[in-house]
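Peer 1: Model the following, please.
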Amino acid sequence: MTTKDVAEDVPWATQADLVPTSSPSTLLPIDLNQVVNNSTIDRPYTISLPEGETGVYTVTSAAGHPFKESTVNLDQYSGETLSSVTYADYGILGKLITVGIAFHEGRLFGLLNQLVGVALCLGLIFVVISSFMMWRKRKVGSIEQMKRFEDERIKRIVGILILLLGVTLPLAGISILVVLLFDWLIGRRKLKAEVAA
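Peer 2: Numbers count the residues shown, from 1 in each chain. Sure, this is the predicted structure:
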């Protein structure tokens, strides 16, 4: 069984970890107070109860700061720690994804992180509305067609920014490729129409 099969609110990087088993003995299972006392995880955390005679207590913390994420499995009879995985144990990809998820959810650096998220959302809304308004104005002829930008240095900077955006945000990258494909197809149709005329 994996951690996500026996526990809730599991950190992303430990969801597929195999869960160890308790060793049944003549001892009675420990109670939740002993689990809390044996746990070294910072609050808030979730305690999942053992399933069956060989199940374990699984204590997970994924709701707080990403650098404090932890998953601990305790023997249900002795309270002994059978496995413990913290952020420091994650691989490079696991660490990057964990930090990325925390940034996306506004948990990475508190209020500032949330303000950055709000600013990005408002910026996207502004781009959508202003793009529609510009398109409408151009369609009715109230603004001239934009001239081709000639500054090569600015072109390179914008190109690099678009490339970085496409690589770091895959859905944005796919959208950019779709727009470029449409632009290329429309450009070909116009060229054929001009040649035919």
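Peer 1: what about the closest residue to residue 75 other than its chain neighbours, how many neighbours?
Peer 2: Leaving aside its sequence neighbours, residue 75 sits nearest to residue 22 (CB to CB, 6 or more residues apart in numbering; 4.6 Å). All C-beta atoms are positioned from the backbone trio N, CA, C, and that covers glycine. By other CB atoms under 10 Å, 21 other residues sit near residue 22.
Peer 1: any idea how far residue 22 is from residue 178?
Peer 2: 53 Å (CB to CB, to the nearest Å).
Peer 1: Same check on residue 170?
Peer 2: Taken as CB to CB, the span from residue 170 to residue 178 is 13 Å.
Peer 1: is it true that residue 73 touches residue 82?
Peer 2: Yes - using CB atoms under 8 Å, residue 73 is in contact with residue 82, at 4.7 Å.
Peer 1: And those two? Which one has more around it.
Peer 2: When neighbours are counted by other CB under 10 Å, residue 73 and residue 82 differ, and residue 73 comes out ahead with 28 against 18.
Peer 1: Help me confirm that the more buried one is found in a helix?
Peer 2: No - counting by DSSP: H, G, I helix; E, B strand; the rest coil, residue 73 falls outside a helix, being strand.
Peer 1: Now residue 46, what are its backbone angles?
Peer 2: Backbone dihedrals for residue 46, given as degrees, to the nearest 10, come out at phi -120, psi 130.
Peer 1: Count the residues that sit near it.
Peer 2: By the measure other CB under 10 Å, the count of residues near residue 46 is 15.
Peer 1: For this protein, which element, helix or strand, carries the lowest mean pLDDT?
Peer 2: Counting by mean pLDDT, DSSP states H and E, the weakest-scoring helix or strand in the chain turns out to be helix 170-196, with a mean of 78.
Peer 1: got the contact list for stretch 157-172?
Peer 2: 173, 176-177 (CB atoms under 8 Å, 6 or more residues apart in numbering).
Peer 1: Can you flag the buried ones in those?
Peer 2: residue 173 (16 or more other CB atoms under 10 Å).
Peer 1: mind putting the contacts of stretch 157-172 in TSV, distance to residue 110 included?
Peer 2: Putting the contacts of stretch 157-172 into TSV (distance: CB to CB, whole Å) gives the following:
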residue	distance to residue 110
173	29
176	32
177	35
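Peer 1: where in the chain is pLDDT low?
Peer 2: For the chain, the stretches flagged by pLDDT under 70 are 26, 63, 139-149, 190-197.
Peer 1: Run through the helices of it in chain order.
Peer 2: 3-6, 32-38, 92-104, 110-140, 152-168, 170-196 (DSSP state H).
Peer 1: Can you give me the buried ones in stretch 8-16?
Peer 2: 10-14.
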